[in-house]
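*Asks:* Take this sequence and fold it.
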Amino acid sequence: MRKDIAYIIDCFSEFEKAGIRYCVLRNADEIISGDLHDVDIAIDLKYSDQILRIIRSNGWKIAYSVWRDFGNVWTVVMSADDGDYLAHFDFQSYGWNGINLLPAEMLLEDRRKVDGIYVASDSVQAVTMLFSRYLYHGYIKEKYRDFIRKVYLSDQCKVKELMNSFLTTEFANAIYEDVVAEEWKNIEQECPVVRRTIRLVNKKTQESKISKAKFYLTRMINPRGIILDVSQLDETDRNNMICILSQQLNHLFTKDELIESSSVGGYSLICAKVAV
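*Replies:* Sure, this is the predicted structure:
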């Protein structure tokens, strides 16, 4: 088993021993196969100190750590002691734009163990697969669509219950019907309206506004991510560097998240969108 995969599975085992409930939200099979970019884990973030101690075990070190989505997601990239392997974790409740759509308790409900790993229930996986890229980028990932539809057909009550946590009943029913009818384009076209509805259903309290302001201030003081300036290299070396870094980053980030090269103020840069 590849070193990074063994490390990730060992972390899961340690979470269980420590009494920290977790579940992988999607693509658990890619952990075993070794074909994963990041591990999306539903977990109660109040245990962040304990999680930190566990993921630092066995000589692994933090290469990158940042809180995203106004505290809904904690991204941590770990590096092995020999520096040859990296592991990317996204510890999270389920949110968008600072709104906690599905708390950890709901994500962990009915989790099950598969090949020694706790995975989310099919209904939780289907709902989070539908809305993850949809709310941020306006589309539903092609590879998830068949699974989403299958679960929506087999577990109508549960998927509607989950959607009703952050949508009106009218919108939850409409999206359900479109999924069953495979009207994906119609769902995507309604994305701006769905976003507005979520904001209305989940009106911000004064406390959440203050929390969001603090988050922005922290970002201004401590910008996240690393940008590499390769402007001093000649064209051949620069292209080679970008190619090598892209290959390395592709192990941690999907193609959608990776910016291979760009030009800012006359400088040639390479970075990952998640680190911008």
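*Asks:* For the rest of this, base every contact and every neighbour count on C-alpha atoms.
*Replies:* Noted.
*Asks:* Regarding the residue lying closest to D40 once chain neighbours are set aside, what is its secondary structure?
*Replies:* Distances taken as Cα to Cα, 6 or more residues apart in numbering put D90 closest to D40, at 4.8 Å, once the chain neighbours are dropped. State at D90, reduced to three classes by DSSP: H, G, I helix; E, B strand; the rest coil: strand.
*Asks:* In contact with D90, which residues are there?
*Replies:* 38-41, 73-76 (Cα atoms under 8 Å, 6 or more residues apart in numbering).
*Asks:* Now do the contacts for the nearest residue to I43 once chain neighbours are set aside.
*Replies:* Nearest non-adjacent residue to I43, counting by Cα to Cα, 6+ apart: Y22, 4.7 Å away. Counting by Cα under 8 Å, 6+ apart, Y22 touches 12, 15-16, 41-44, 108, 118.
*Asks:* Turn those into CSV, columns for pLDDT, neighbour count and distance to S154.
*Replies:* Shown next, in CSV, are the contacts of Y22 (pLDDT from 0 to 100; neighbours: other Cα atoms under 10 Å; distance: Cα to Cα, whole Å):
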residue, pLDDT, neighbour count, distance to S154
F12, 94, 22, 29
F15, 95, 18, 31
E16, 94, 14, 30
I41, 93, 27, 24
A42, 93, 26, 23
I43, 90, 26, 26
D44, 85, 19, 28
L108, 95, 24, 20
Y118, 96, 21, 21
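*Asks:* For V151, state which of these is nearest.
*Replies:* Closest approach to V151 among the contacts of Y22 (Cα to Cα): L108, at 17.2 Å.
*Asks:* wait, doesn't that closest one sit right on A120?
*Replies:* Yes: the criterion here is Cα atoms under 8 Å, and L108 meets it with A120 at 6.4 Å.
*Asks:* residues shared between the contacts of those two?
*Replies:* Counting by Cα under 8 Å, 6+ apart, the residues touching both L108 and A120 are C23.
*Asks:* In the stretch 151-276 of the chain, what residue spans correspond to helices?
*Replies:* With helices called from DSSP state H, counting those that start in this stretch, the stretch 151-276 of the chain shows them at 156-163, 169-180, 184-189, 191-201, 206-221, 235-250.
*Asks:* Go through the ones you listed and find the least confident stretch.
*Replies:* Among those, helix 206-221 carries the lowest mean pLDDT, a mean of 54.
*Asks:* any weak-confidence spans in the stretch 1-150 of the chain?
*Replies:* Across the stretch 1-150 of the chain, the ranges flagged by pLDDT under 70 are 37.
*Asks:* Where do the strands of the stretch 51-200 of the chain begin and end?
*Replies:* Using DSSP state E, counting those that start in this stretch, the strands of the stretch 51-200 of the chain run over 61-68, 73-79, 86-92, 94-96, 99-102, 112-114, 117-119.
*Asks:* Those strands: which one's closest to E170?
*Replies:* strand 99-102 (17.0 Å).
*Asks:* The closest one: partners in the sheet, and parallel or antiparallel?
*Replies:* Applying DSSP bridges, strand 99-102 is found paired with strand 94-96 (antiparallel).
*Asks:* How many residues are close by G95?
*Replies:* Using other Cα atoms under 10 Å, G95 is surrounded by 21 other residues.
*Asks:* correct me, but it touches F70?
*Replies:* No: counting by Cα under 8 Å, G95 stays clear of F70, with 9.2 Å between them.
*Asks:* State the number of residues packed around F91.
*Replies:* 24.
*Asks:* ditto for E190
*Replies:* Using other Cα under 10 Å: E190 sits among 12 other residues.
*Asks:* cool, and R53?
*Replies:* 9.
*Asks:* thinking again about what came up before, F166 is nearest to which of the strands of the stretch 51-200 of the chain?
*Replies:* strand 99-102 (5.6 Å).
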